[in-house]
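Undergrad: Quick one: sequence and predicted model below, then my questions.
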Amino acid sequence: MSFKKRNADQQMKLPPGSKLSAYNGQLLISTGVPSLDDILGGGLPVGTLLLIKEDKATTYAQLLLKYFMAQGLASQHHCALASRDEDSGEMLRNLMWLATTDADVDEDEDEKQRTARSNADADRMKIAWRYSHLKKFETSVKAKLATPPPVPSDKNSATSVDKAEAAVPYCTLFDLTKRIPEELLKQANTTLLDAPNSFDDPDSDDYKTLLNDIRQLIIENNFSSAIPAPANTQRNILRLGIHSLASPSWRSKSPHDLFKFFHALHGLLRFSFGAAVVTIPAHLYEENPNFIRRIEYIADAVIEIESFAGSAIHNEASYTQNYHGFFHVQKVPVLNSLLPPSTKLSVLSAGGSNDLAFKLRRKRFAIETFHLPPEGGVSTRRTEPVAEKESSKKQSGSVLSSLAKISEKKPMKRIDGTPKGCGSLPGRPDPLEF
């Protein structure tokens with residue numbers, strides 16, 4: 001039996017901006033939101049479909065789709081975007097960009113107060129000293145600051161290209177107040193899957209046209225895992241984003257065309273180096289819930305955003321000051337395993353039994369564990385004033401003294417004139433009198 005030493009150059013390299021799952025060895029890419037990556041078990045597996053159910057009054061689902069595309073541009077992936085309600089080119093130009101300094105991180109006042117309170121409690125912890133080394137309960141997931149991705153030029157050598165590929169980040173922190181530079185957008189690999197506006201054609205089928213464009217994109221750019229790639233070529237990742245699918249702007253011959261599109265797209269992604277994020281206006285199909293339920297069955301992961309905006313029940317609640325809505329995780333991807341990776345690796349999901357909520361600050365979007373605020377609020381006075389306590393004591397003392405005086409002046413007597421004992425009854429002798 002002979003052994004052969006492995007050559008590192010002959011081994012297949014991972015695509016840039018990807019990593020292997022520690023749970024099942026699946027190839028993962030980041031969604032651009034660190035807390036969402038944690039909920040999914042480390043990231044979105046390659047070859048899967050993530051379905052986001054849109055909210056009725058807000059555009060938070062579109063914001064998550066922008067995060068997904070911005071992370072793809074930062075990781076040097078091939079990004080394809082399709083939309084019928086918005087201009088795809090304008091959506092790419094309005095993508096957020098990297099937060100490179102500490103000033104770009106928007107830390108709210110609640111987090112500052114929480115960290116200051118925890119530090120103060122740690123200083124005066126003397127009784128429970130044995131718990132000081134235990135792991136603290138985390139309610140959110142933070143990401144590290146990133147540097148702008150290096151763009152290799154033609155003048156650089158092959159070693160500089162390898163260094164640029166090695167420096168590609170997996171998950172970065174974005175600043176919502178920044179926009180992607182035009183130079184980087186021109187050099188990035190992007191594809192706009194816009195269909196011609198032919199409203200006069202009654203036989204037009206947008207789902208079939210979009211599916212043919214996606215299939216052609218996968219084959220021509222070597223994203224298909226069923227077709228062997230040419231020698232000495234490294235695979236790249238395809239990020240597919242579809243905005244507001246199944247809205248009234250999408251034309252089809254029958255309602256079943258949407259189900260055919262999802263089945264075909266699911267099959268294409270299973271045998272390709274790509275992942276898709278699709279947003280769908282589920283509130284338009286509330287009268288027919290089985291319509292959305294069939295699509296959820298096809299998708300690999302399903303999340304729903306429930307905003308507090310426009311809700312008479314939630315607007316009057318006190319927790320609306322800290323959160324902007326609930327974040328429902330209805331389905332997580334399960335590949336190459338019996339249980340989802342989030343049951344072992346996730347901090348926020350807690351095996352799917354944790355209540356989640358999201359908040360949108362000026363510079364970032366975050367998903368956290370939902371906590372109810374203290375009853376009555378933080379600023380409510382918990383103790384009575386000293387003057388009120390003293391007056392209440394004086395009143396109670398005067399009442400007791402008056403009762404004592406009355407009892408001394410008028411002792412209890414029987415009908416015959418003899419004083420009563422504590423066990424006496426009318427007409428009978430007192431058993432306690434000896």
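TA: It's in.

Undergrad: quick one: pLDDT of the residue nearest to Gln330 when sequence neighbours are not counted?
TA: Spatial nearest neighbour of Gln330, excluding adjacent residues (CB to CB, 6 or more residues apart in numbering): Val302 at 4.4 Å. To be clear about C-beta, it is placed using only N, CA and C from the backbone, and glycine gets the same treatment. On the pLDDT scale, Val302 is placed at 96.

Undergrad: wait, what's in contact with Val302?
TA: Val302 makes contact with 50-51, 53, 296, 329-331, according to CB atoms under 8 Å, 6 or more residues apart in numbering.

Undergrad: Could you identify the buried members of these?
TA: 50-51, 53, 296, 329, 331 (16 or more other CB atoms under 10 Å).

Undergrad: does the residue nearest to Gln330 sit in a helix, a strand or a coil?
TA: Three-state call for Val302 (DSSP: H, G, I helix; E, B strand; the rest coil): strand.

Undergrad: ok, it to Asp87 distance?
TA: Using CB to CB, to the nearest Å, one gets 27 Å for the distance from Val302 to Asp87.

Undergrad: cool, Leu36 as well?
TA: Counting by CB to CB, the gap from Leu36 to Asp87 is 26 Å.

Undergrad: next one: Ile313
TA: For Ile313, the distance to Asp87 - CB to CB - is 35 Å.

Undergrad: Of the two, give the one with the bigger neighbour count.
TA: Between Ile313 and Asp87, counting by other CB atoms under 10 Å, Asp87 is the more crowded of the two (12 against 7).

Undergrad: so what's the more buried one up against?
TA: Neighbours of Asp87 in contact, by CB under 8 Å, 6+ apart: none.

Undergrad: can you check Asn222 too?
TA: Asn222 touches 229-230, 233, 235-236, counting by CB under 8 Å, 6+ apart.

Undergrad: hmm, which of these are the buried ones?
TA: Of the contacts of Asn222, these count as buried by 16+ other CB under 10 Å: 235-236.

Undergrad: got the contacts of Asn222 as a markdown table, with secondary structure, pLDDT and distance to Ser349 columns?
TA: Output for the contacts of Asn222, formatted as a markdown table (DSSP: H, G, I helix; E, B strand; the rest coil; pLDDT from 0 to 100; distance: CB to CB, whole Å):
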| residue | secondary structure | pLDDT | distance to Ser349 |
| --- | --- | --- | --- |
| Ala229 | coil | 81 | 35 |
| Pro230 | coil | 80 | 41 |
| Thr233 | coil | 82 | 37 |
| Arg235 | coil | 89 | 30 |
| Asn236 | coil | 93 | 30 |
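
Undergrad: May I see the contacts of Asn222 organised as a markdown table, with distance to Ser21 added?
TA: Listed next are those as a markdown table, based on distance: CB to CB, whole Å:
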| residue | distance to Ser21 |
| --- | --- |
| Ala229 | 23 |
| Pro230 | 28 |
| Thr233 | 25 |
| Arg235 | 17 |
| Asn236 | 19 |
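
Undergrad: ranges for the strands of the stretch 301-434 of the chain?
TA: Secondary structure of the stretch 301-434 of the chain, counting by DSSP state E, counting those that start in this stretch: strands at 301-307, 325-331, 356-360, 365-369.

Undergrad: closest one to Ile180 among these?
TA: Among the strands of the stretch 301-434 of the chain, the nearest to Ile180 by CB to CB is strand 365-369 (16.6 Å).

Undergrad: strand partners of that closest one, parallel vs antiparallel please.
TA: Strand 365-369 pairs in its sheet with strand 356-360 (antiparallel), by DSSP bridges.

Undergrad: which of the contacts of Asn222 lies closest to Thr172?
TA: Asn236 (17.9 Å).

Undergrad: And the closest one, how far from Gly25?
TA: Distance from Asn236 to Gly25, by CB to CB: 20 Å.

Undergrad: next one: Ile214
TA: Ile214 is 27 Å from Gly25, by CB to CB.

Undergrad: These two - which one has more neighbours?
TA: Ile214 (26 against 11).

Undergrad: so which helix or strand takes in the more buried one?
TA: If you go by DSSP states H and E, Ile214 is part of helix 206-220.

Undergrad: Contacts for that helix, please.
TA: Counting by CB under 8 Å, 6+ apart, residues outside helix 206-220 touching it are 80, 82, 84, 191, 193, 195, 223-224, 227, 238, 240, 242, 250-252, 257-258, 260-261, 264-265, 268, 272, 274.

Undergrad: Tell me the first helix or strand C-terminal of it.
TA: Next along from helix 206-220, by DSSP H and E: strand 238-243.

Undergrad: Give me the sheet partners of that following strand and which way each runs.
TA: Strands that pair with strand 238-243, judged by DSSP bridges, come out as strand 78-83 (parallel), strand 274-280 (parallel).

Undergrad: just these: most buried one?
TA: strand 274-280 (a mean of 26; mean count of other CB atoms under 10 Å).

Undergrad: and that strand, average pLDDT?
TA: 97.

Undergrad: burial of the closest residue to Glu182 other than its chain neighbours, as a residue count?
TA: Leaving aside its sequence neighbours, Glu182 sits nearest to Arg93 (CB to CB, 6+ apart; 7.8 Å). Neighbour count of Arg93, defined by other CB under 10 Å: 12.

Undergrad: got the contact list for Ile367?
TA: 33, 35-36, 39, 140-141, 327, 348, 356-358.

Undergrad: what's the lowest-pLDDT member of those residues?
TA: Out of the contacts of Ile367, that is Ser140, at 65.
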